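> Need coordinates for the below:
(2 chains)
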There are 2 protein chains.
Amino acid sequence: MEFSSKLLENAVYEMSQLPGIGKRTALRLVLHLLRQPEQQTYHLANALVKLKDEINFCNNCNNISDTVLCEICANPKREASIICVVEDIRDVMAIENTSQFLGHYHVLGGKISPMEGIGPQDLSIIPLINKVKEGKVAELIFALSASMEGDTTNFYIYKQLEGLTVKTSTIARGIAVGDELEYADEVTLGRSILNRIPYENSLKTN
Amino acid sequence: MEFSSKLLENAVYEMSQLPGIGKRTALRLVLHLLRQPEQQTYHLANALVKLKDEINFCNNCNNISDTVLCEICANPKREASIICVVEDIRDVMAIENTSQFLGHYHVLGGKISPMEGIGPQDLSIIPLINKVKEGKVAELIFALSASMEGDTTNFYIYKQLEGLTVKTSTIARGIAVGDELEYADEVTLGRSILNRIPYENSLKTN
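Residues are numbered from 1 along each chain as shown, chains lettered A, B, ... in the order given. Next up, the predicted model:
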């Protein structure tokens, strides 16, 4: 792509550094901003810089928060001894939307991924192990994605917990509610049969 | 979507104001920026603000340019009397890529679209008519998109030119090179038959 303006080229380049935004999309977005009142560009730029400069992470669970303790960790009604281990804030938001979990979270900030150069030291794993060592945790629920990286991360944490007394569990994998069996992939369907639950239990969850 | 941080919520909101970027995608983009070195966010914000503040439009053709006259208008080898009328800089870039056009451009900055509240006064139409009135233009090539808005804009400009001596043409609509006839839409195929060209002419263009 040849640009008639260095300023435009630079803006398009920076925009195209975002994941899933190619050069063409970046150009479309930048041209859109150019057509809008200048306030919109200023607001966007300010919001991004302000977030990056002033971002805080909850001292307890490592979730993004504007306060020292996030709302969930600061809530005395939530059960602090049950911790759901998730990858990032999106997972916290997804689980909170279900209203089915009333414990605490621990946000790792990613998954172990040698391909992307992310090792255990890049994630918030040591604070989690320390919480368990302090004897404050009754159960850890692993809720990472069911991928190679997610499984590796689960297993790494599990090994670190050796010798400590804590119950560990992982969220159920199976056929999504409302899905047709014939369209389910084999691995999921296979797991859902292996990990079948007593019928009476399924009645309680509705 | 409920956010644990106002800063995050604000950044996601501003990002989701961009066309084609929903709340979920905006959150993904913002979280990506949070994981990257802070330089990336600064560079993006600076590039956008700088573009908006210092943007220049070519005095002659209204294209985005860092100089008073854009490179194309400033090039003495280009034929100033043949003007290709386009919607925005993307069309200029697309036509420049073909290396088939050696005249000047005139960038309207949009199309007449009552639905989006864009009227003729919002576009750079008067400067174009003035150029024709000054007798400097031999031919205007309309290269707007083949949509209701594009056709309306073409026709509006055409009416404004009444009584002036200038040749007007529009780019050829037809079956794309390499396309199969059976998959072409009826309107395009119909037009390509009505506007057929002498076979000898098609040999020259390759």
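> Identify each buried residue in stretch A:198-206, please.
Buried positions in stretch A:198-206, judged by neighbour count with 16 or more other Cβ atoms under 10 Å in any protein chain shown: none. (Glycine included, C-beta is placed from N, CA and C.)
> Repeat that for stretch A:147-160.
Buried, per 16+ other Cβ under 10 Å, within stretch A:147-160: A:Glu149, A:Gly150, A:Asp151, A:Thr152, A:Thr153, A:Asn154, A:Tyr156, A:Ile157.
> what's the residue in chain A that chain B sits nearest to in contact with, if anything?
Residue of chain A nearest chain B, by Cβ to the nearest Cβ: A:Ala45 (3.7 Å). Listed by Cβ atoms under 8 Å, 6 or more residues apart in numbering or on different chains, the contact partners of A:Ala45 are B:Leu44, B:Ala45, B:Asn46, B:Leu48, B:Val49.
> And those residues, which of them are buried?
B:Leu44, B:Ala45, B:Leu48, B:Val49.
> TSV for the residues you listed, including distance to A:Leu161?
Putting the buried ones among the contacts of A:Ala45 into TSV (distance: Cβ to Cβ, whole Å) gives the following:
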residue	distance to A:Leu161
B:Leu44	40
B:Ala45	42
B:Leu48	46
B:Val49	48
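> In helices, which of the residues you listed fall?
Mapping the buried ones among the contacts of A:Ala45 onto helices (DSSP state H) picks out B:Leu44, B:Ala45, B:Leu48, B:Val49.
> can you give me the end-to-end distance of stretch A:90-105?
12 Å (Cα to Cα, to the nearest Å).
> now stretch A:186-204
Stretch A:186-204 has its terminal residues 27 Å apart, counting by Cα to Cα.
> And for stretch A:93-102?
End-to-end distance of stretch A:93-102 (Cα to Cα): 13 Å.
> quick one: contacts of that stretch?
By Cβ under 8 Å, 6+ apart, stretch A:93-102 touches A:Ile72, A:Lys77, A:Arg78, A:Glu79, A:Cys84, A:Val86, A:Tyr105, A:Ala143, B:Met1, B:Glu2, B:Phe3.
> What is the burial count for A:Ile197?
Using other Cβ atoms under 10 Å in any protein chain shown, the number of residues around A:Ile197 comes to 11.
> before we move on, the earlier item: may I ask which two of the contacts of stretch A:93-102 are separated the most?
A:Glu79 and B:Met1 (24.6 Å; Cβ to Cβ).
> Just the pLDDT for the spatially most central residue of chain A.
By Cα atoms, centre = their mean, chain A has its centre lying nearest to A:Asp88, at 2.3 Å. At A:Asp88, the pLDDT value in this model is 91.
> try A:Thr205
60.
> Check chain A for its longest strand and report it.
Among the elements of type strand in chain A, defined by DSSP state E, the one spanning the most residues is strand A:79-86.
> Domain map for chain A?
Domain assignment for chain A by automatic domain parsing gives A:6-54, A:57-205.
> Next, the contact list for A:Ala146, please.
By Cβ under 8 Å, 6+ apart, the contact list for A:Ala146 reads A:Arg173.
> How much space separates A:Asp66 from A:Asn56?
Noted for A:Asp66: a distance of 6 Å to A:Asn56, by Cβ to Cβ, to the nearest Å.
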